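Visitor: Structure for the following, please:
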Amino acid sequence: MMGMSGRGMGMGMQPQIVLLREGTDTSQGKPQLISNINACQAIVDVVRSTLGPRGMDKLIHDDNGRVTISNDGATLMKQLQIVHPAGKTLVDISMSQDAEVGDGTTSVVLLAGEFLRECKPYIEEGVHPQMIVKAFREAAALAIAQLEKLSVNLEAQDDAKKREMLQKAAGTSLSSKLVSGQKEFFATIVVDAVLSIGTSQGLDMIGMKKVPGGSLQDSMLVEGVAFKKTFSYAGFEQMTKEFESPKVVLLNIELELKAERDNAEVRVANVAAYQKVVDAEWEIIYDKLDKIVKSGASIVLSRLAIGDLATQYFADRGLFCAGRVQEDDLKRVAKATGASVQTSCNDLNESVMGSCSKFEERQVGGERYNFFSGCPKATTCTIILRGGAEQFIEEAERSLHDAIMNTRRLITNPSVIAGGGAIEMELSAHLREHSRKIFGKTQLIIAAYAKALEVIPRQVSANAGMDPTDILNKLRMKHAHGGTWYGVDVVENGICDTFESFVWEATVMKKNALAAATEAACLILSVDETVRNPASEKPDGGNYPMMQGRGRGMGRGRGMG
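Guide: Coordinates of the predicted model:
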């Protein structure tokens, strides 16, 4: 008996194995997976109400007191500063959708959240996550293949038809934004801007300038480069403010008398020697200015300062100059006029100078702007946005960015599908049909994926104040009887053929959204353990992992030696 109890004690006294540092928080298994799904649900609920033409806006007030009003999914996800490790995945897919396509950022988050919501009961009942992942990937592949089959290609059309198609797609992209009231006006600006730069130029060739004041309808598209008048010295008002076919010189040098460096010391024997030093400085700057004037240039732009002496010198000789021009504006002028930026005034000839057909300085609202139009080399344009509040103009800029990205994608991949939840309902019906032919658990999971796709029409109708159950029942019936393009009609509060109503979306946008949302859902489902190191949460803890106790230990070691 004693032996038994002794052995029992011995077994009970086995040392505990410590793998992780003290205080490390580990959570694993099914509860961890459910917790991650719940965190993603909470994030989705934030952006849920922003979807669709009648979506609401969110006002985010950050630590610095900046206020952002937006209903753009990517902007909201960025501003929310989400710290949950699994929740960050949703932020990433929203960002990737914004970078890749520019539109559909709310849809992608909503779809990922809904896929997780639909598979949560199966996780709770003990279905292995990897089985769900496999079925989801299969469902996504089927949905994307069907999407390709349904899409309407518009490549074989003439330019007028193509332009009309682009305008309708841009209008659809803008209809869910703050500027939806003027979507026809802005759709025209967006299409003109995208067509003017073509597909070979980068998007940085479309400049956007925000000028508070006036109404949205006062916004305009400038075919060329426009930038705000830079800081200027006395003599600026005497300059010529308008030129026909001018020569343009771009510099990256200072045209002013430089102050001596700190603690610089010049030792001179007499006053005449000091005068020579001063004269040399003046000679250097006059030499530079003289070379610029002799080159035949009419407009001088520099990234660095152009001082009062240079300003007056150029004004007396009928030239125009602007210093401290922002780098992106200077790059656009360089690409547009064909000039190259010079770091010296020594060899200014025709080959490094640019030209445009007209230059003028005009008043826009309370600001003065420099306009370069009729640029021969590169096609570039500038959109000048007007509006009341600053937040309003910023949201208009984000809306136009989405529409420009979407239109750009459409030019390279000219195929469209119907929006308003029509494509989701059709894919949902197709997957349901397919799932009935499959045996086993996969059937249930593909059916759950199909049900999750219905979140888009359900949310669009709910945000427009309709009864989602009623709308979805009508849509299911239409799609079962071959009404492929029936979606939510937010204007008449019912359902309609959204393709006929010209609610068009780029196929590439929907394809990217489905793939990214499925990938994010699969990623979250395949995580079953989270290890959180407490040291990593302390400020600077990650930078000095070995600091604790170092001084004492090292000191003792030396003493013993």
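Visitor: and residue 185, how many neighbours does it have?
Guide: 14 (other CB atoms under 10 Å). Yep, even glycine has a C-beta here, placed from its N, CA and C like the rest.
Visitor: Same question for residue 281.
Guide: With other CB under 10 Å as criterion, residue 281 counts 12.
Visitor: Angles on the backbone of it, please.
Guide: phi -60, psi -50 (degrees, to the nearest 10).
Visitor: I'd like the numbering to begin with 33 instead of 1 from here.
Guide: Will do, 33 is the new start, and the previous item becomes residue 313.
Visitor: ok, now how distant is it from residue 177?
Guide: For residue 313, the distance to residue 177 equals 73 Å [CB to CB, to the nearest Å].
Visitor: Please apply the same query to residue 425.
Guide: From residue 425 over to residue 177 (counting by CB to CB), the distance is 42 Å.
Visitor: which of the two has more neighbours?
Guide: The residue with more neighbours, out of residue 425 and residue 177, is residue 425; 20 against 11, by other CB under 10 Å.
Visitor: From the contact counts, what lies against the host helix or strand of that one?
Guide: Using DSSP states H and E, the element containing residue 425 is helix 422-444. Helices and strands touching helix 422-444, as assessed by 3 or more CB pairs under 8 Å, 6 or more residues apart in numbering; DSSP states H and E, comprise strand 99-102, helix 191-207, helix 215-229, strand 238-244, strand 413-419, strand 536-538, helix 539-557.
Visitor: Which stretch among the ones you listed is buried most, on average?
Guide: Highest mean neighbour count among the helices and strands packed on helix 422-444 (mean count of other CB atoms under 10 Å): strand 536-538, with a mean of 27.
Visitor: center of this protein - which residue?
Guide: residue 130 (5.0 Å; CA atoms, centre = their mean).
Visitor: Could you pull up the contacting residues of it?
Guide: 105-106, 137, 434, 437 (CB atoms under 8 Å, 6 or more residues apart in numbering).
Visitor: tilt between the strand or helix carrying it and helix 539-557?
Guide: When elements are assigned from DSSP H and E, residue 130 belongs to helix 119-132. Orientation of helix 119-132 against helix 539-557 (axes from the mean of the first three to the mean of the last three CA atoms, to 10 degrees) gives an angle of 160 degrees.
Visitor: what packs against the helix or strand following helix 119-132?
Guide: Proceeding N to C from helix 119-132, the next assigned helix or strand is helix 137-156, under DSSP H and E. Helix 137-156 is packed against helix 62-79, helix 105-111, helix 119-132, helix 161-182, helix 473-485, helix 487-495, helix 539-557, with contacts defined by 3+ CB pairs under 8 Å, 6+ apart.
Visitor: most neighbours per residue, which of those?
Guide: Highest mean neighbour count among these (mean count of other CB under 10 Å): helix 487-495, with a mean of 25.
Visitor: Restrict that helix to CA atoms and write it as CSV.
Guide: Taking C-alpha atoms only, helix 487-495 is exported to CSV below (Å, rounded to 0.1, in the frame of the first residue of the first chain):
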residue,chain,number,x,y,z
VAL,A,487,-25.6,39.0,-48.2
ILE,A,488,-25.0,41.6,-51.0
PRO,A,489,-28.6,42.0,-52.3
ARG,A,490,-29.9,41.5,-48.7
GLN,A,491,-27.7,44.4,-47.4
VAL,A,492,-28.3,46.7,-50.4
SER,A,493,-32.1,46.3,-49.9
ALA,A,494,-31.9,46.7,-46.1
ASN,A,495,-29.8,49.9,-46.4
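Visitor: which helices and strands sit right next to it?
Guide: For helix 487-495, the contact count by 3+ CB pairs under 8 Å, 6+ apart identifies helix 137-156, helix 454-467, helix 500-512, strand 518-521 as packing neighbours.
Visitor: ranking those by burial, who's on top?
Guide: strand 518-521 (a mean of 28).
Visitor: between the contacts of residue 130, which is closest to residue 309?
Guide: residue 437 (56.5 Å; CB to CB).
Visitor: Leaving out sequence neighbours, find the closest residue to the closest one.
Guide: residue 134 (2.2 Å; CB to CB, 6 or more residues apart in numbering).
Visitor: can you check residue 390 too?
Guide: Leaving aside its sequence neighbours, residue 390 is closest to residue 405 (5.0 Å, by CB to CB, 6+ apart).
Visitor: Test for you: state the pLDDT assigned to that neighbour.
Guide: pLDDT recorded at residue 405 is 83.
Visitor: does it really touch residue 394, like I thought?
Guide: No: Residue 405 lies out of contact with residue 394 (CB atoms under 8 Å); the separation is 10.7 Å.
Visitor: Count the residues that sit near residue 275.
Guide: When neighbours are counted by other CB under 10 Å, residue 275 registers 19.
Visitor: Which element, helix or strand, includes it?
Guide: Applying DSSP H and E, one finds residue 275 within strand 274-276.
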